Structures are given as C-alpha cells and as structure tokens.
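**Student:** Got a predicted structure here, sequence first:
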Amino acid sequence: MSEHPILDSSDAGTKGLFRVGGIASFAIAAGYIGIIALYASVGPAPAGGLAKLDYFVGKTGVWWAIVGLSVLTDFLYVPVALALFFALRKINQAAMLAGISFVGLFIALENAVNWTAYGALIVLSGSYSAATSNAEKTILAAAATYAAAVLDSPLAAVWAIGTLSFALFVIGAVMLRGVFNKATAYLGILTGLLGLAAVAGVDIAVILNATAALVWILLVGYGLSRLAR
C-alpha cells in the first residue's frame, strides 16, 4: 500500500496501533453479533422496577453474558479511537479530539450508569425471588424502582446511543477528507444521524443505528488493517 500524503504510518509503533485497532474493531463487531443473538433469545426488558425483577428471573445467565460482552465491546473502543486519531489527526486534529472525547464519554457514562444499573437489577432479581418475607420484597422492589427509573429515563439513551453516535458523525465527517474510503465516511455520518434520531424518539432509528454501527466498525477494522500493512 502506498503512503497517503497526509498519513505518517512509517513508524512501527503507529502501524502496530493500527493493527491493534483493526483487531479491536473486528472483536467489537463479533461482540455486537453475540449481544444481538443473546438479546433476541430473551427479548426486551419491560419498564418498571417490579416488572424488571420478574423479567430477569430465569434469565440472569444470559443477561450477565449480555452485560459482560457489552462492557468488553465498550472498552475495545479505546484502541479503535486511538488508532483513528493517529490515522486522521493531520486532516483535522481538533475534530478528531472532539470525536474521541465523545467516545470516551460513551465508555465512561454507559458503564457507570447503564450497565451498572442492569447489573444491580440482575442481582436484585435473584434476591427478590429468594426473599421469604413481604417486608424484604418491598425493600428490594424499592431499590429496583430506582435502578429501573435510571434505565427508563431518556438520558439512558443519550449515554448509550447519543454520545457514541455524535462521535461517529464527527469522525465520519473527517474521513471524507481522505485515508479511509468514502463508504466508511458516509456510513459513519449516517450512523451518527440515525443515533441522534433514536435519541429523539424515532423507534426504527434504534435498529437502523445498531445495524449501521455494526457495518461501520467492520469497515473501520478493514481500513485500519490496510493501514497497518
């Protein structure tokens, strides 16, 4: 592969970062496919604390797998974001700093809020099903109500979808200037717009955003692997 005029990838460390970022991208895609399969097997959780406690009974193993894979894929975005920054910083460093900052916000907020709340509900569900007194069940239901309210809040969608979608929109816009192909750039922009529509309450945009993000991360993995060579 010939050297791109605005990309300095001659350094072995930079090429190594591109390689790690490419591998991480493919691992994220594999994780997303696993999460989709697991989620399809149990269906969406209902709204409300008590409803969620009943829902998780008998599904805790699957949901711990969903939470574990989700946390793993979130953290795998770190090497991907760093690799994209080094690949695109000479095009627009300020925009790339903004883009990877929002990737960092996504990782921090989704894990600190969303997945922590899901983990709490899974644990509370086990305790609730094993409770032997009404007083104990009342206390557990009250605790679950708060965790469920966090997940049912519109802010949960902002942390889980909005922050990463804005990052992909910005990174996709920078990609239009070169290094990556136009398909990857336009898909990043489209994924970002679909994510913002999902946060705004367009239900179909949630599925379309997830699908587009899966294809985008695969294209990014391919692009970073080419840069590593």
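**Tutor:** Everything's here; your move. Numbering: from 1, shown residues only.
**Student:** Could you pick out the longest helix of this structure?
**Tutor:** helix 12-42 (DSSP state H).
**Student:** Buried residues of it, list them for me.
**Tutor:** Using 16 or more other C-beta atoms under 10 Å as the test for burial, helix 12-42 gives 14, 17-29, 31-32, 34-35, 38. For glycine as for every other residue, the C-beta is placed from the backbone atoms N, C-alpha and C.
**Student:** helix or strand right after it?
**Tutor:** Remark: after helix 12-42, the chain's next helix or strand is helix 49-56, criterion DSSP states H and E.
**Student:** could you give the mean pLDDT of that next one?
**Tutor:** Mean pLDDT, helix 49-56: 92.
**Student:** mind showing which ranges of this protein have poor pLDDT?
**Tutor:** 1-12 (pLDDT under 70).
**Student:** Export stretch 74-90 to PDB, keeping only CA atoms.
**Tutor:** What follows is stretch 74-90, C-alpha atoms only, in PDB (Å, rounded to 0.1, in the frame of the first residue of the first chain):
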ATOM      1  CA  ASP A  74     -17.200  -0.600  25.100                       C
ATOM      2  CA  PHE A  75     -13.600  -0.800  26.300                       C
ATOM      3  CA  LEU A  76     -12.400  -2.200  23.000                       C
ATOM      4  CA  TYR A  77     -13.300   1.200  21.600                       C
ATOM      5  CA  VAL A  78     -10.300   2.700  23.300                       C
ATOM      6  CA  PRO A  79      -7.700   1.200  20.900                       C
ATOM      7  CA  VAL A  80     -10.000   1.900  18.000                       C
ATOM      8  CA  ALA A  81     -10.400   5.500  18.900                       C
ATOM      9  CA  LEU A  82      -6.600   6.000  19.400                       C
ATOM     10  CA  ALA A  83      -5.900   4.300  16.000                       C
ATOM     11  CA  LEU A  84      -8.400   6.500  14.300                       C
ATOM     12  CA  PHE A  85      -7.000   9.600  15.900                       C
ATOM     13  CA  PHE A  86      -3.500   8.900  14.700                       C
ATOM     14  CA  ALA A  87      -4.800   8.000  11.200                       C
ATOM     15  CA  LEU A  88      -6.900  11.200  10.900                       C
ATOM     16  CA  ARG A  89      -5.300  13.800  13.100                       C
ATOM     17  CA  LYS A  90      -3.400  15.500  10.200                       C
END
